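Chemist: From the sequence below, what's the structure:
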Amino acid sequence: MRRSTVLVLDGDDLVRASLAAFLREEGFAVREAADGKEAAAALTWLPDPAVMVADPWTCPPLPGWAAAREACRRRPTIGIVYASSAMGAAAARLPGGQECVLPKPFAPPLLARLVRELTGRPAWAQAAGDHVAGSAGPMTAGLPPGG
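Modeler: Alright, predicted model coming up:
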């Protein structure tokens, strides 16, 4: 079975390197991008299944949210995890199940779980408009049971 690939997009070198190192330890193939233009270029060789972890508000000249939109346009099967301190207090799936919001700070195992669920495309992730919002549990805030 092919390993899932994660593209980590964050303008902060330390954050990006830390997330990439953790995800590699979890068994994922990882590519890193310091800005949205690097991320967009990486889409041409990124194998399936793939997930982009992006801070939507940083990484000029192409912000993370714009790079994620481009990723979804070019690679309809890609999963997106928006990781940002400006995203609210609870983890949530966005309509369609292909995109998730993960507020910073977060426990790294929660990120690994989201990536696994997005690459595995479980049934809950296919329910359009099915949101998850939860309270402040350390690793399972707002996520469906299982995994």
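Chemist: In the host helix or strand of K37, which residues are buried?
Modeler: Using DSSP states H and E, the element containing K37 is helix 36-42. Going by neighbour count (16 or more other CB atoms under 10 Å), the buried part of helix 36-42 is G36, E38, A39, A40, A42. From N, CA and C alone the C-beta is placed, and that goes for glycine too.
Chemist: ok, now stretch 16-36?
Modeler: Per 16+ other CB under 10 Å, stretch 16-36 contains these buried residues: 16, 19-20, 22-23, 26, 28, 30-36.
Chemist: Next: stretch 66-74.
Modeler: Neighbour-count burial for stretch 66-74 [16+ other CB under 10 Å]: A66, A67, A68, E70, A71, C72.
Chemist: likewise stretch 110-123?
Modeler: For stretch 110-123, by 16+ other CB under 10 Å, it's L110, L111, A112, R113, L114, V115, R116, E117, L118, T119.
Chemist: In helices only, show me these.
Modeler: L110, L111, A112, R113, L114, V115, R116, E117, L118, T119 (DSSP state H).
Chemist: Model confidence for the residue lying closest to the third one once chain neighbours are set aside, exactly?
Modeler: Taking CB to CB, 6 or more residues apart in numbering, and ignoring the residues beside it in sequence, A112 has E26 as its nearest neighbour in space, at 4.5 Å. We have a pLDDT of 92 for E26.
Chemist: Return the distance of E26 relative to S4.
Modeler: From E26 across to S4, the span is 10 Å (CB to CB, to the nearest Å).
Chemist: Just list the residues touching the closest residue to A67 other than its chain neighbours, thanks.
Modeler: Distances taken as CB to CB, 6+ apart put G36 closest to A67, at 3.5 Å, once the chain neighbours are dropped. Going by CB atoms under 8 Å, 6 or more residues apart in numbering, G36 touches L9, C59, P60, P61, L62, P63, G64, A66, A67, E70.
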